[in-house]
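K.L.:
Sharing a sequence plus its predicted fold:
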Amino acid sequence: MDVLLFLVPIALALGTLGLAAFFWTLRAGQYDDLDGAAARVLLDDDSPEAAP
Amino acid sequence: MSLAYAPGAAVEEASGPRSVHGFVESEGTSRRLHLLVEGAHCAACIGAIEGRLTADPCVTGARLNLALRRLSLEWQGEARHADALAGAVEALGYKVAPFDPAHLARLDSDTGREWLRALAISAFASSNVMMLSLAVWAGQAQDMAPGTQALFQWLAALVTVPAVAVAGRPFFRSALRALRAGRSNIDVPIALSLLLTVLISLIELARQGRDVYFDSATALLFVLLVGRTLDFRVRARSRRAVERLLMLKAQGAAVCREDGTVEVLPASAIRSGMVVLVRAGERVPVDGTVLEGKTDLDVGIVTGESRPQAVAPGALVLAGSVALTAPLRIRASAGVADSHLADIVRLVERAERTRGSAVALADRVARIWTPVIHGVALATLCGWWLLTDAGFAAALLHAVSVLIIACPCAIGLAVPAVQVVATGALLKRGILLRAGDALERLARIDHVVFDKTGTLTSGAPTVTSWPDDAEAIRLAAALAAASRHPVARALRAGHPQARPLAGVEEIPGEGLRAPCDGGEVRLGRAAFCGLAPLDAATSEVWLTRPGHRPVRFLIKDAPRPEAARVVAAFAAAGVPATLLSGDRPGAVARLAAAVGIGEWQADRRPGDKLARLEALRAVGRRVLMAGDGLNDAPALAGAFVSASFAHGAPASQSAADLVLPSGDLAALPVAWRTARRARGLILQNLILAALYNMALIPVAVLGLVTPLGAAIAMAASSLTVTLNALRAGAPDRERG
């Protein structure tokens, strides 16, 4: 069962990584306007590339 | 403060340019402005507004926050360009007002982030600790090596201790604050339970014991934080909607400078002696005397009087009244700080101080719960220590396990879970809650007080008796089309397609006249038409034409169609109603009879209304006050719980606990029924939580609790409470 000595800390480290990523999104203000974020996905604002 | 011209309830249009450039923030050559955009609610709105603004070459950034309805604009160049940008958004069909940061504290979004951060930490901790604990529980059944078990538990401790220390802070802070003030609230047992659970688990871990409860501590934290976070979000949404109403109604004033220029200032910047312009359809921003202009003044929102008053130069006008028919030029007799409005605000503040605060239900339960549980734990300690030979350490362990099993998880969840669902359901109906405990208080009322004008009546006059002459009705409608007077609007309803008559002249306070073949048609008061009034008690309007007999229209501020039903709904549940109005006794008596209210008082000034409510409170009544006027604001603040309307005066909205949809009196019993059902469900939830505890505490006293048992009990009780809470959002039925 020595493998647990590696696997469990790795699992915890990966979880911590996810938590850190969440904090980053929180600080970037990604949860300040959930209504807007839900609507913006419908906007066609990225125009198709101009034909050569 | 803002410069959006707020139209009165009776007059819809307030035309003219809006000036927002006073709110621009500058940084070098770049300008920044936050605008409140009302009416935006979908992707198409975002696309239209942002697209229109970014098409402007000066604009470097435009972003609409749909949750706050806040448009953040950045551009290069003139600050005055702000007005053109705001105008462009208005041209798309949205209402725009400067976004006042004083109204919507940054605090709100900071607090929201703090809850989310705590929630994320506890989610991470509880899922990982549960993974480790499950391995240990399975390992105990399948001969896991003791060393591996210990390793897993040390890892769980490594995750739990920092997580509880960080994510548990909101609970610790609240508990400390309560204890310092010599009170107890629901967070005291929660914080205690968290700390004790972690502490005893650490000690047990060091002793290589069996009772390690890290999973219970983190799960408790997670479940409670889910409830609190949702509760905060739904309340913040409700509160933001009210703040938006206030921002849209906030007022600016057009001040005439000595050099003849007109400048728009926030109402708070008006000083005594300044000359202020009030256009037809606008609210008077400060108290003052009329210098120039004759108009009909709608004072309904200030005094409750339903009939417009005619004012002429020299007359005193009060802040909040609406100039209906013609523009006025007034000299401010007082700054905003000592106007009639400010008197009202002072009355409101006094009322709020004397009202005192009701203790939240959860905190009252905690006051009973905490000593009982601590008593049982102490008895367990003494019992095991003195009556058996188990030793002090084991006795202490059993005592603490009582505290853990009696964890206030379900109790802590019982209230927010129901409130989230009930507040959300009300929000969908357009009913906004300003105070956090408004629902709890609303459920306990035993008396209801109504205002008249605008609350039980629609606030706009209607014609109750039409003459039997279609031609006269058509002519009256054609004349009335030229006026904004509320009575004229009512007359237009008789023949909405009538073409406006040419050459109509409006005499403020008297009526309308227009030349016609062989003389003049007149529409207005009896004296204006050269007649003697028939009945002084009611409002009447006469129409005279050359060659015809004069005809009479009877005008009344009619009760809302649902008013009688609403009063009856309260009466059926044994809640008596009182009518307090600033209007004349005759009008109040008629309305009281029409809607079925026995007790009424007329000619009440704001202070009188508040005095009546204080008298009711003194005899132990819990009063719900419903009103929409400025004159109701002190009474709203002094009532046990109060409701205003979206169409009401801003002061009344900031004084009230609930804000009902514009003109929707039927929402009041809906909110009341929802509140009562919510209270019922909260009580059920508390009883369910108590039952779980009563079943499990004896097990804990006997020292038979295992960490696995504690985890199952907590999950089961939390789930039961949450599922029961979902019923609070059931559709409203008359017999709730």
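P.N.:
Looks like it arrived, so ask away.

K.L.:
Which strands or helices does the helix or strand containing B:Ala422 pack on?
P.N.:
For B:Ala422, the host element (DSSP states H and E) is helix B:409-428. Helices and strands touching helix B:409-428, by 3 or more Cβ pairs under 8 Å, 6 or more residues apart in numbering or on different chains; DSSP states H and E, are helix B:214-249, helix B:361-382, strand B:432-433, helix B:438-442, helix B:667-701, helix B:707-725. C-betas here are computed from N, CA, C, even on glycine.

K.L.:
Dump these to TSV, plus distance to B:Thr544 and mean neighbour count.
P.N.:
Output for those, formatted as TSV (distance: least, Cβ to Cβ, whole Å; neighbours: other Cβ atoms under 10 Å in any protein chain shown):
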stretch	distance to B:Thr544	mean neighbour count
helix B:214-249	40	23
helix B:361-382	64	17
strand B:432-433	48	28
helix B:438-442	52	25
helix B:667-701	43	20
helix B:707-725	66	19
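
K.L.:
okay if I get these as CSV plus mean pLDDT?
P.N.:
Below are the helices and strands packed on helix B:409-428 laid out as CSV (pLDDT from 0 to 100):
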stretch, mean pLDDT
helix B:214-249, 84
helix B:361-382, 84
strand B:432-433, 87
helix B:438-442, 88
helix B:667-701, 89
helix B:707-725, 84
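
K.L.:
Let me know which of the ones you listed is the nearest to chain A.
P.N.:
helix B:214-249 (9.1 Å; Cβ to the nearest Cβ).

K.L.:
could you give the angle of the closest one to helix B:707-725?
P.N.:
Orientation check (axes from the mean of the first three to the mean of the last three Cα atoms, to 10 degrees): helix B:214-249 against helix B:707-725 gives 30 degrees.

K.L.:
residues of the helix holding B:Ala422 that come out buried?
P.N.:
B:409-427 (16 or more other Cβ atoms under 10 Å in any protein chain shown).

K.L.:
do the lowest-mean-pLDDT helix or strand in chain A and chain B meet?
P.N.:
Ranking every helix and strand in chain A by mean pLDDT, DSSP states H and E puts helix A:34-40 at the bottom, with a mean of 84. Yes - contact of helix A:34-40 with chain B (Cβ under 8 Å from any Cβ of the partner chain) involves A:34-36, A:39-40.

K.L.:
Which of those are buried, as a PyMOL select command?
P.N.:
The PyMOL command for the buried members of the residues of helix A:34-40 next to chain B (criterion: 16+ other Cβ under 10 Å) is given here:
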select buried, chain A and resi 35+36+39+40
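
K.L.:
returning to what we had before: from the chain's centroid, how far away is the helix holding B:Ala422?
P.N.:
17 Å (Cα atoms, centre = their mean, to the nearest Å).

K.L.:
elements contacting the least confident helix or strand of chain A?
P.N.:
Packed against helix A:34-40 by the contact rule (3+ Cβ pairs under 8 Å, 6+ apart) you find helix B:43-54.

K.L.:
helix or strand right after the helix or strand that contains B:Leu64?
P.N.:
Taking DSSP H and E as the definition, B:Leu64 sits inside strand B:59-65. Counting by DSSP H and E, the next helix or strand C-terminal to strand B:59-65 is strand B:70-76.

K.L.:
Run me through the strand neighbours of that next one, direction for each.
P.N.:
The strands beside strand B:70-76 in its sheet (DSSP bridges) come out as strand B:30-38 (antiparallel), strand B:59-65 (antiparallel).

K.L.:
Tell me which of the ones you listed lies nearest to A:Ala20.
P.N.:
Set against A:Ala20 and scored by Cβ to Cβ, the strands paired with strand B:70-76 come closest in strand B:59-65, at 25.8 Å.
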